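Enquirer: predicted structure and sequence below. I'll ask about it afterward.
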Amino acid sequence: MYFNGLTLNIMTLGGLALGAGMLVDNAIVIVENIYRHMQEGNNRVEAARIAASEVGWPVISSTLTTLCALFPMTFWPGLMGEFMKFLPLTLIITLTSSLFVALVINPTVCATFMRVKPGEVQPDVERTRVVRFYRRVLQWALKHQGATIGLAVGVLLMIGAVFSFMVSANILGVELFPDTEPNRAFVEIKAPEGTGLETSDRYARIVEEVVFPEQDVKYTIAEIGVAPSGEARSDSGGQAHMAKVSLEFVDSEERHESSDLVLNRVRAALSNFTGAEIKVEKEKEGPPTGAPVSIEVSGENVVVLQRLVSQAREKIKGIPGLVDLKDDFSRAKPEIRVLVDREKATLLGLSTADISVLVKAAISGSKMGVYRQGKDEYDIIVRLPEARRQNLADIESLLVPTNSGAPVPLTTVAKLEFGVGFGSIRHIDQKRVVTITGNTTGRNSNDVLLDVQNRLAGIDLPAGYRVDYSGEQEEQQKASAFLVKAFLIALFLIVLVLITQFNSISQTIIVMTSVVLSLSGVFLGLILTMTNFGIIMTGIGVISLAGVVVNNAIVLIDYINQLRRQGVELYDALLRAGLIRFRPVMLTAITTILGLLPMAVGVSFDFRNLSMIVGGESAQWWGPMAVAVIFGLAIATLLTLVVVPVLYALFARIKESMAKRFQVETQV
């Protein structure tokens, strides 16, 4: 969708939805701090000034860490990157704008309008049960530091082990993009080359008759002579043997059943279709990734390739979940071959080129000139009348003029026969390649592909021939490699920001430890919601989470440092900082979680009917990313409030012991 020259696509909207909860984080920290200073007796202007100077750099650093996590994703290469980069770009722009609002606009508004009731001056920070419970938990954790850290690490390892077991047991899977319920689908028909338009039209009508009884299909559109997606066009310029029937489903809230079930019935009804290959494929969301199962058989000899492709198809055709198995090998292109007797032709003074020109002129025509009418030009093509070029006898009766001027029958110097040729031959890296493709249904595509690879591992390949896997598998490997690099670069940039902020390696390690431990929340969310790990969507969620979880830790540790510089004892500083920062930390986490909750459960609003929709199509696409961030942030918040103070105390004790040992002065 294009608006005022700017591209507005699903990833842009997703970035706005993901950033909705993050935008208020900085404002919450600033406003909460201003309100606390006003409760302590400062006037509005003074409170705004003190609060902005107190948490200004922590807020800037926390925003920079989020931007550092998103920045590497803007360099995503290829078509995948062209599609996905709008999400990080949208978040970078919105978060940068929110930083300006938090540091400039919010203090100004608070200094103008904020009021504190007389009864709220010098309030008790432990006035609620939740805060009192948190105080008891934090006191216990500070007294049992080893047990607290061991419990956090143990939970991470246990949840990670459970998730790995569920993946290995095929309870959960790994996928490139979420498997969404389609709104459109296509039935592609491929008859043998040489099939006429009338036959292709009849095949398309048969498909329409199968689809017609389905009540969830809104309408169908049949296209005859159209090459299916991924098919190479014939050199002859036509695709009369191909057809495509497009299906449009009714809106998701009006369907009686899943559109996947409808496609399974259509596929089963057409499984015994004779005369053509049938492929039932749903519309793909996101950038083109190729078929879930794509096998490339490469070599030199076309006949050997044909044999290997037939063997491979026979081996994998019974794999559960593998459907619409087909290949792009054109086997049956009918042709008439003219075999010239060179000895006779030479005796009559004819060459192979002379005979070729004659046959081509008679059948396909020969350009004799140009007819001009005004500014338009039309080629003048001369060839035999249509009635004289319908069968083999018409070609055999052609007379070939000789040098002596006496024409001789074509059969005198040539032999005509029927044969079949290859419609097209694909090359990759200068080698002939035939691609076998298939879709998946009812099973994770990676599990199906693994079964395919196991069965083809024992195929006997001649020297110079090989089997490779492309399509979705290739894109998945590329995406995984890039996201791993982006995650490592993001961590490196976050570490640079943290070292600049704290000027301390130990405090940087404390914050980064919370990032690693927050992965337990990601795995827990996927387990509880039975959501597959999406290479793209969950991967983006994990990278975004790395930048988000450090925000509260930065604000908390910075306040602990301020209290230590004021001379407060370590234990009291940890306890006081936790209690005072409890509310802003919880609010920032809750607002981000609430902002992502509609994406996770698929809550949307139908403006046409003015009604709320729960469990909509958006949840299928954005659910894995939202689940990763929601559960990861929830666990990270607990880690920030409990584990971060414990780690701070542990490192402080280690530094003190080292200082005593080496007799050096410690710095906060």
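Expert: Cool, the structure landed. Numbers count the residues shown, from 1 in each chain.
Enquirer: how about the helix or strand encompassing residue 312: buried residues?
Expert: If you go by DSSP states H and E, residue 312 is part of helix 302-316. Neighbour counts over helix 302-316 (16 or more other Cβ atoms under 10 Å) mark 304-306, 308-309, 312-313, 316 as buried. For glycine as for every other residue, the C-beta is placed from the backbone atoms N, C-alpha and C.
Enquirer: kindly report the same for stretch 439-453.
Expert: 439-441, 443-449, 451-452.
Enquirer: filter those down to just the ones in helices.
Expert: Taking DSSP state H as the definition of helices, these contribute 445-449, 451-452.
Enquirer: now render these as a markdown table, adding distance to residue 273.
Expert: Formatted as a markdown table, those follow (distance: Cβ to Cβ, whole Å):
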| residue | distance to residue 273 |
| --- | --- |
| 445 | 24 |
| 446 | 29 |
| 447 | 27 |
| 448 | 22 |
| 449 | 26 |
| 451 | 25 |
| 452 | 23 |
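Enquirer: can you redo the residues you listed as JSON lines with pLDDT and distance to residue 482?
Expert: Formatted as JSON lines, these follow (pLDDT from 0 to 100; distance: Cβ to Cβ, whole Å):
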{"residue": "445", "pLDDT": "80", "distance to residue 482": "20"}
{"residue": "446", "pLDDT": "79", "distance to residue 482": "18"}
{"residue": "447", "pLDDT": "81", "distance to residue 482": "24"}
{"residue": "448", "pLDDT": "84", "distance to residue 482": "24"}
{"residue": "449", "pLDDT": "84", "distance to residue 482": "20"}
{"residue": "451", "pLDDT": "85", "distance to residue 482": "27"}
{"residue": "452", "pLDDT": "86", "distance to residue 482": "25"}
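Enquirer: of these, closest to residue 297?
Expert: Closest approach to residue 297 among those (Cβ to Cβ): residue 452, at 12.7 Å.
Enquirer: wait, what's in contact with the nearest residue in space to the closest one that is not next to it in sequence?
Expert: Leaving aside its sequence neighbours, residue 452 sits nearest to residue 316 (Cβ to Cβ, 6 or more residues apart in numbering; 5.1 Å). With contact taken as Cβ atoms under 8 Å, 6 or more residues apart in numbering, residue 316 is in contact with 322, 325, 438, 451-452, 455-456.
Enquirer: CA atoms only for the helix holding residue 312 - export them in CSV, please.
Expert: The C-alpha trace of helix 302-316 is given here as CSV (Å, rounded to 0.1, in the frame of the first residue of the first chain):
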residue,chain,number,x,y,z
VAL,A,302,18.9,-34.9,-19.7
VAL,A,303,18.0,-38.6,-19.9
VAL,A,304,19.8,-39.4,-16.7
LEU,A,305,18.2,-36.5,-15.0
GLN,A,306,14.8,-37.7,-16.0
ARG,A,307,15.6,-41.1,-14.5
LEU,A,308,16.9,-39.6,-11.3
VAL,A,309,13.9,-37.4,-10.9
SER,A,310,11.5,-40.3,-11.4
GLN,A,311,13.4,-42.3,-8.7
ALA,A,312,13.4,-39.4,-6.3
ARG,A,313,9.6,-38.8,-6.7
GLU,A,314,8.9,-42.5,-6.2
LYS,A,315,11.0,-42.6,-3.0
ILE,A,316,9.3,-39.5,-1.3
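Enquirer: now that helix, how far from the centre of its chain.
Expert: How far helix 302-316 lies from its chain's middle: 32 Å, per Cα atoms, centre = their mean, to the nearest Å.
Enquirer: just checking, next helix/strand downstream of it?
Expert: strand 322-327.
Enquirer: neighbouring contacts of that following strand?
Expert: Contacts of strand 322-327 (Cβ under 8 Å, 6+ apart): 190, 267, 277-281, 293, 309, 313, 316-317, 434-441, 448, 451-452.
Enquirer: just stretch 513-528 next, same as before
Expert: 152-153, 155-156, 159-160, 162-163, 166, 172, 491, 494, 531-533, 538, 541-542, 545-546, 549-550, 553, 624, 627-628, 630-636, 639-640, 643-644, 647.
Enquirer: can I see the domain layout of this protein?
Expert: 2-176+476-662, 177-289, 294-331+425-467, 354-421 (automatic domain parsing).
Enquirer: including distance to residue 342, could those go into TSV?
Expert: As requested, the domains of the chain are arranged in TSV below (distance: least, Cβ to Cβ, whole Å):
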stretch	distance to residue 342
domain 2-176+476-662	51
domain 177-289	27
domain 294-331+425-467	26
domain 354-421	9
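Enquirer: ok, which of the ones you listed comes nearest residue 348?
Expert: domain 354-421 (4.9 Å).
Enquirer: centre of the chain to the closest one, how far?
Expert: Counting by Cα atoms, centre = their mean, domain 354-421 comes out at 54 Å from the chain centroid.
Enquirer: what does stretch 533-553 give?
Expert: That offset, for stretch 533-553, works out to 15 Å (Cα atoms, centre = their mean).
Enquirer: got the CA coordinates for that stretch in PDB?
Expert: The C-alpha trace of stretch 533-553 is given here as PDB (Å, rounded to 0.1, in the frame of the first residue of the first chain):
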ATOM      1  CA  PHE A 533       9.700 -21.200  17.000                       C
ATOM      2  CA  GLY A 534       9.500 -18.900  14.000                       C
ATOM      3  CA  ILE A 535      12.900 -18.100  12.500                       C
ATOM      4  CA  ILE A 536      11.700 -14.700  11.300                       C
ATOM      5  CA  MET A 537       9.000 -13.600  13.800                       C
ATOM      6  CA  THR A 538      10.400 -15.200  17.000                       C
ATOM      7  CA  GLY A 539      13.900 -14.200  16.000                       C
ATOM      8  CA  ILE A 540      12.900 -10.600  15.600                       C
ATOM      9  CA  GLY A 541      11.100 -10.800  19.000                       C
ATOM     10  CA  VAL A 542      14.300 -12.100  20.700                       C
ATOM     11  CA  ILE A 543      16.400  -9.400  19.200                       C
ATOM     12  CA  SER A 544      13.900  -6.700  20.100                       C
ATOM     13  CA  LEU A 545      13.700  -8.200  23.600                       C
ATOM     14  CA  ALA A 546      17.500  -7.800  24.000                       C
ATOM     15  CA  GLY A 547      17.100  -4.100  23.700                       C
ATOM     16  CA  VAL A 548      14.000  -3.800  25.900                       C
ATOM     17  CA  VAL A 549      15.000  -5.900  28.900                       C
ATOM     18  CA  VAL A 550      18.000  -3.700  29.700                       C
ATOM     19  CA  ASN A 551      16.000  -0.500  30.000                       C
ATOM     20  CA  ASN A 552      14.700  -1.200  33.500                       C
ATOM     21  CA  ALA A 553      18.000  -2.600  34.700                       C
END
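Enquirer: tell me the mean pLDDT over that stretch?
Expert: Average pLDDT, stretch 533-553: 80.
Enquirer: just name the closest of the contacts of residue 316 to residue 483, please.
Expert: So of the contacts of residue 316, ranked by how close each gets to residue 483 (Cβ to Cβ), first place is residue 452, at 24.7 Å.
Enquirer: that concludes my questions; thank you for your assistance.
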